[in-house]
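Q: Just need the structure, nothing else, for what follows:
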Amino acid sequence: MRYEAVIGLEVHAQMLTDSKVFCGCSTKFGSEPNTQTCPVCIGMPGVLPVLNKKALEFAIKTGLATNCKISSYSRFARKNYFYPDLPKGYQISQYELPICEHGFIEVIVDGEVKRIGITRIHMEEDAGKNIHEGSGNYSFVDLNRAGVPLMEIVSEPDIRSPQEAAEYMKKLRTILRYLGVCDGNMEQGSLRCDANVSIRPAGQKEFGTRAEVKNINSFKFVEKALEYEIKRQIKVIEEGGKVIQETRLWDSNKGITESMRGKEEAHDYRYFPEPDLVPITVEQKWIDELKASLPELPDAKRERFVSEYGLPEYDADLLTSEKVASEWFEETVKLGGNPKAVSNWMMGDLTRLLNEENKGFDECPLKPVQLVDMLKLIDKGEISIRQAKTEVFEEMYKRSKALVIKLIGIPSEEAVGKPVVEMLPTPEEIIKEKGLAQISDSSEIEKAVDEVIAKNPKEVERFRAGDEKLLDFFVGQIMKLTKGKANPQIVNEIVKKKLS
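A: Predicted coordinates:
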């Protein structure tokens, strides 16, 4: 390749606090426009902001989880710019003294570990939202989001490909969700990404002129937007032009980036210390307490799944990418499920059914005990894996989903008279109802084998003459005779014994 991409990401994560960062207004998503506002978050004269301690706690936890140095002394600054959804005419952010600095996270790309540095994590308030809908030459402004607490997580320019950028975003989202500090919902805007992109001749140390790409709201679009922008910049240079420093907007419908405005520098915002907020002093004792309270993080959990459960790294990586999925897996194993079998069913049929409904494991209608019960029946030979896949599992999922829908709105277990877990459909019920019980009685299977052998003397003669492919023929005839209920393993053993 003649050119190399240099990419840095600025990720805005909305913190899962109940109230805004400098006032007591709710942060609930989807409320009627301008119903979650007060004089503080809409910037009325004479009001004073007060820092939400929970937002500070979330920022410190994120810094600890991403190997950052936590600043014992930091402060807020005013970032001055005009936009209709910014009621004060400035944004309270952090500039020269952020709360977290100099961290990193590691991602796996093409089987290799890549370390991506984190320059800083700082706190700031969100702006409102402009709504360009309806008719007429005007827009609406909804200030419900103004003052919602954000973390801006700024990476070093260590990313070299769109794939690395997407993996970085996925890993960061996983960490935030494990910590419970952000729900990571990109469609609702609680996790947003701006990308700084430049290209340079391969081997050159100096960076090229960068463009900032905004409005990237999915992992797929992270890759697509960066792929387009890299190609665009290469084309500009090869045609004799120069890449200009600017802000560009990703248009997901057209699949292109479009020029939005000239890129601002830090001095354009006229940063200065926020006079209405005192500097933040964080004691080391509190930092140590927060560090001790961190959950087991994805990398540590992945390594434990490999060592403790004997899972392949691929399985462990997928199962730990979502905290809820990892908990579902561990609960199932603790109930007696074979780790690899549980992993196969979770990554295969269960994930397929959830994906069809655009659901995650946090909305899974099946409970671990149901999968364990089914796996035990397979191990006992009461049903085959084929029967489990085609007849039992999906039916159990559908009935569990129907039960969940039925119970919506019922206030407590007392209202239905017994615990929900006792109302769940069981694999035994489905097997009995459908008449799927597998025949594992050797004497009964032997009768079927004798009958098939007696009806096919020519095939028996050919098999004994060396045509071993006919084994499948005999097994198929026996399964047909027993309506698919005979245990295939026992059938194979008896057929080989009878024909030898």
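Q: residue ranges of the helices in the stretch 51-200 of the chain, please?
A: 53-65, 162-179 (DSSP state H, counting those that start in this stretch).
Q: In the first one, which of the residues would be classed as buried?
A: Right, helix 53-65. Within helix 53-65, the residues scored as buried using 16 or more other C-beta atoms under 10 Å are 54-65. For glycine as for every other residue, the C-beta is placed from the backbone atoms N, C-alpha and C.
Q: Residues in contact with that helix: which ones?
A: Residues from elsewhere that reach helix 53-65 (C-beta atoms under 8 Å, 6 or more residues apart in numbering): 13, 15-18, 21, 68-70, 99-100, 103, 121-123, 149, 151, 153, 175-176, 178-179, 181-182, 280, 282, 286-287, 290-291, 293-294, 297.
Q: Make a ChimeraX selection of the buried ones in those.
A: Here is the ChimeraX selection string for the buried members of those, based on 16+ other C-beta under 10 Å:
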select :13,15,16,17,21,68,70,99,100,103,121,122,123,149,151,153,175,176,178,179,181,182,280,282,287,290,297
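Q: and residue 451, which of the three is it?
A: What DSSP: H, G, I helix; E, B strand; the rest coil gives for residue 451 is helix.
Q: That one touches residue 477, doesn't it?
A: No - at 9.1 Å, residue 451 does not count as touching residue 477 under the criterion of C-beta atoms under 8 Å.
Q: Save the buried residues of helix 53-65 as TSV, and put in pLDDT too.
A: Output for the buried residues of helix 53-65, formatted as TSV (pLDDT from 0 to 100):
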residue	pLDDT
54	98
55	97
56	98
57	98
58	98
59	98
60	98
61	98
62	98
63	98
64	98
65	98
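Q: out of those residues, who's nearest residue 192?
A: Nearest to residue 192, judged by C-beta to C-beta, of the buried residues of helix 53-65 is residue 62 at 15.5 Å.
Q: okay if I get the buried residues of helix 53-65 as JSON lines plus distance to residue 350?
A: Converted to JSON lines, the buried residues of helix 53-65 look like this (distance: C-beta to C-beta, whole Å):
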{"residue": "54", "distance to residue 350": "35"}
{"residue": "55", "distance to residue 350": "36"}
{"residue": "56", "distance to residue 350": "39"}
{"residue": "57", "distance to residue 350": "35"}
{"residue": "58", "distance to residue 350": "31"}
{"residue": "59", "distance to residue 350": "35"}
{"residue": "60", "distance to residue 350": "36"}
{"residue": "61", "distance to residue 350": "31"}
{"residue": "62", "distance to residue 350": "30"}
{"residue": "63", "distance to residue 350": "35"}
{"residue": "64", "distance to residue 350": "33"}
{"residue": "65", "distance to residue 350": "28"}
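Q: and residue 480, how many neighbours?
A: 12 (other C-beta atoms under 10 Å).
Q: And it, how close does it get to residue 220?
A: In this view, residue 480 and residue 220 are 47 Å apart by C-beta to C-beta, to the nearest Å.
Q: Please apply the same query to residue 118.
A: Going from residue 118 to residue 220 by C-beta to C-beta gives 23 Å.
Q: what does residue 341 give?
A: The span separating residue 341 from residue 220 equals 32 Å under the rule C-beta to C-beta.
Q: and if you look at residue 38?
A: 38 Å.
Q: Mind checking which of residue 451 and residue 477 has more residues around it?
A: The neighbour comparison of residue 451 against residue 477 (other C-beta under 10 Å) goes to residue 477, with 19 against 13.
Q: check contacts around the more buried one.
A: Contacts of residue 477 (C-beta under 8 Å, 6+ apart): 452, 455-456.
Q: That one should be in a helix, yeah?
A: Yes - judged by three-state DSSP, residue 477 forms part of a helix.
Q: what's the distance between it and residue 446?
A: 14 Å.
Q: One more: residue 467?
A: 23 Å.
Q: Neighbour count for these two, which is higher?
A: Neighbour totals were compared for residue 467 and residue 446, and residue 446 leads with 16 against 12 (other C-beta under 10 Å).
Q: Return the per-residue confidence for the more buried one.
A: Looking at residue 446, its pLDDT stands at 77.
Q: what residues are up against it?
A: Shown in contact with residue 446 (C-beta under 8 Å, 6+ apart): residue 494.
Q: my read is it is in a strand, agree?
A: No - going by three-state DSSP, the assignment for residue 446 is helix, not a strand.
Q: give me every residue that touches the closest residue to residue 451 other than its chain neighbours.
A: Distances taken as C-beta to C-beta, 6 or more residues apart in numbering put residue 481 closest to residue 451, at 6.7 Å, once the chain neighbours are dropped. Taking C-beta under 8 Å, 6+ apart, we find residue 481 in contact with 448, 451-452.
Q: who does the strand or helix carrying residue 496 touch, helix- and strand-wise?
A: When elements are defined using DSSP states H and E, residue 496 is found to belong to helix 488-499. Where contact means 3 or more C-beta pairs under 8 Å, 6 or more residues apart in numbering; DSSP states H and E, helix 488-499 is packed against helix 442-455, helix 457-464, helix 470-481.
Q: do that again at 6 Å, thanks
A: Here helix 488-499 touches helix 442-455, helix 470-481, going by 3 or more C-beta pairs under 6 Å, 6 or more residues apart in numbering; DSSP states H and E.
Q: How about that helix, which residues are buried there?
A: Buried residues in helix 488-499 (16+ other C-beta under 10 Å): 488, 490-491, 494-495, 499.
Q: Would you format the residues you listed as CSV with distance to residue 80 and pLDDT included?
A: Formatted as CSV, the buried residues of helix 488-499 follow (distance: C-beta to C-beta, whole Å; pLDDT from 0 to 100):
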residue, distance to residue 80, pLDDT
488, 74, 73
490, 79, 78
491, 79, 78
494, 84, 83
495, 84, 82
499, 88, 76
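Q: of all the residues you listed, which comes closest to residue 189?
A: In terms of C-beta to C-beta, no member of the buried residues of helix 488-499 lies closer to residue 189 than residue 488, at 52.4 Å.
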